[in-house]
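K.L.:
Build me a structure from this.
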Amino acid sequence: MKEFIIKDGKRLALGYTTGSCAAAAAKAACWMLLTGKRKEQISLMTPKGIPLELEVREIDMAEGAVSCAIEKDSGDDPDITRGALIFVKVEPAEGEDVLIEGGVGVGRVTKPGLDQSVGNAAINSVPRRMITENVREVMALMDYHGGIRVTVSVPDGERLAARTFNPRLGIVGGISILGTTGIVEPMSESALVETIRVELRSKRAAGQDYVLLTPGNYGSDFIRDGMGIDPDCAVQVSNFVGDALDYCRELGFQGALLIGHIGKIVKIGGGMLNTHSKYGDCRMEILAAMAGAEGVESGVIAQMLECVSCDEAIRLLDETGKREQVMARLMRRVGFHLQYRAGENPELGCATFSKVYGMLGMTDNAKTLLQSIREE
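P.N.:
You can find the predicted model right below:
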């Protein structure tokens, strides 16, 4: 039975990720391998807590190996992988581990800075955990104590990958197996923006003159773990930084401090006030420009332009000894673009961090704004 959410008054169907497809196919194939019986429906509990009951397709029960597929359903989200068959082949392996590999149509990582190390199949951490947990569940049920090799493949993956960011990120040969919740939720921009407005209005109505903003979960985690502030104090603005600033001005806030991961904040340094990747990915170009303005030599800048993550670019800056100067210049530009969007009021500041390097930089007024927020 399909699950739905309501956005903008519309009833939209949820879907499930390629990671859920791979985990479900692995569970079904393992069950067939260890029982010798066909399995044409399989249940899966997603990390989001939503159960799935999925049809098992393309079953092939050979001697010593079983393969099957789950069809990707993205619900009402316009996902490139909608309808793709995610295949899994399982077979016994030496030892007692669950070994996960990528086959045809699953990309392979060729550049550092991504979820998986260079050389690994682009099967991200959460899908790997889901596959392992579901296979081990079947192994325990069948009292099987050997190893299992799981090979994930997507026959149409290489063609589909050409329409994704994978080639630019240095993931070659196919798509990535992704998903953190196991569920695909259709996105409604107007509904998200209105949610931001409602939350800001609520904080203003409670008497707050200063407000803490963050793009999302990375920022919330850093606010809690790195700054000791309850993340519930912050308003999550997703990619809609500009809209949030407009509302802060409209509602009469005196000041706002944006705290976000460098991967989002660096785009603001180039004047992007909606940081969604569909509007562009200029992270390396902006960082390279800032580095050039601080005298970083051209060879390093050329290397930065080839990086796939901000952390990798920052590593290069560290080697030059100019990270602090480059970050300071970036934050001046971020501060300029934030204040330009908002006008004279409210006063705006920003701080940015990396999960690898911690706090990277802040505007000159960030500490003062943070103190005002703490006092409220």
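K.L.:
Which residues are in contact with Gly113?
P.N.:
Cys307, Val308, Ser309, Asp311, Glu312 (C-beta atoms under 8 Å, 6 or more residues apart in numbering). For glycine as for every other residue, the C-beta is placed from the backbone atoms N, C-alpha and C.
K.L.:
Mind checking which of these land in helices?
P.N.:
Mapping the contacts of Gly113 onto helices (DSSP state H) picks out Asp311, Glu312.
K.L.:
okay, the contacts of Gly113 in TSV with neighbour count and distance to Tyr210 next?
P.N.:
Formatted as TSV, the contacts of Gly113 follow (neighbours: other C-beta atoms under 10 Å; distance: C-beta to C-beta, whole Å):
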residue	neighbour count	distance to Tyr210
Cys307	21	35
Val308	20	36
Ser309	20	32
Asp311	16	30
Glu312	18	35
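K.L.:
Go through the contacts of Gly113 and name the one nearest Asp209.
P.N.:
Asp311 (35.2 Å; C-beta to C-beta).
K.L.:
residues in contact with that closest one?
P.N.:
Counted by C-beta under 8 Å, 6+ apart, Asp311 has contacts Gly113, Ile262, Ser354, Lys355, Val356, Tyr357.
K.L.:
10 Å instead?
P.N.:
Pro112, Gly113, Ile262, Gly263, Ser354, Lys355, Val356, Tyr357 (C-beta atoms under 10 Å, 6 or more residues apart in numbering).
K.L.:
And the contacts of Gly113, which two are furthest apart?
P.N.:
For the contacts of Gly113, the maximum inter-member distance is 9.7 Å, found between Val308 and Asp311 (C-beta to C-beta).
K.L.:
re the thing from before, so can I have a markdown table of the contacts of Gly113 showing pLDDT and distance to Arg82?
P.N.:
Formatted as a markdown table, the contacts of Gly113 follow (pLDDT from 0 to 100; distance: C-beta to C-beta, whole Å):
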| residue | pLDDT | distance to Arg82 |
| --- | --- | --- |
| Cys307 | 94 | 31 |
| Val308 | 91 | 26 |
| Ser309 | 93 | 28 |
| Asp311 | 94 | 32 |
| Glu312 | 95 | 32 |
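K.L.:
Among the contacts of Asp311, which ones are in helices?
P.N.:
Counting by DSSP H, those contribute Ile262, Gly263 to helices.
K.L.:
tell me which of the contacts of Asp311 is nearest to Val241?
P.N.:
Gly263 (13.2 Å).
K.L.:
isn't the closest one right up against Cys282?
P.N.:
No. Here Gly263 does not reach Cys282: they are 11.5 Å apart, not a contact under C-beta atoms under 10 Å.
K.L.:
of those two, who's got more company?
P.N.:
Gly263 (19 against 16; other C-beta atoms under 10 Å).
K.L.:
what residues are up against that one?
P.N.:
Per C-beta under 10 Å, 6+ apart, neighbours of Gly263: Pro215, Tyr218, Thr275, Ser277, Asp281, Arg283, Ser309, Cys310, Asp311, Thr352, Ser354, Lys355.
K.L.:
Now the buried members of those residues.
P.N.:
With burial judged by 16 or more other C-beta atoms under 10 Å, the buried subset of those is Pro215, Tyr218, Thr275, Asp281, Arg283, Ser309, Cys310, Asp311, Thr352, Ser354.
K.L.:
Mind putting those residues into TSV with distance to Gly103?
P.N.:
Compiled in TSV, the buried ones among the contacts of Gly263 are given as follows (distance: C-beta to C-beta, whole Å):
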residue	distance to Gly103
Pro215	35
Tyr218	31
Thr275	34
Asp281	28
Arg283	31
Ser309	26
Cys310	31
Asp311	29
Thr352	39
Ser354	33
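K.L.:
burial of Ala351, as a residue count?
P.N.:
Neighbours of Ala351 using other C-beta under 10 Å come to 26.
K.L.:
Report the separation between the residue nearest to it when sequence neighbours are not counted and Ala205.
P.N.:
Distances taken as C-beta to C-beta, 6 or more residues apart in numbering place Met362 nearest to Ala351, at 3.9 Å, with adjacent residues excluded. Using C-beta to C-beta, to the nearest Å, we find Met362 at a distance of 29 Å from Ala205.
K.L.:
So between these two, which is more surrounded?
P.N.:
Met362 (22 against 9).
K.L.:
Go ahead and confirm that one touches Ile262.
P.N.:
No. Met362 sits out of contact with Ile262 when judged by C-beta under 10 Å, with a separation of 11.9 Å.
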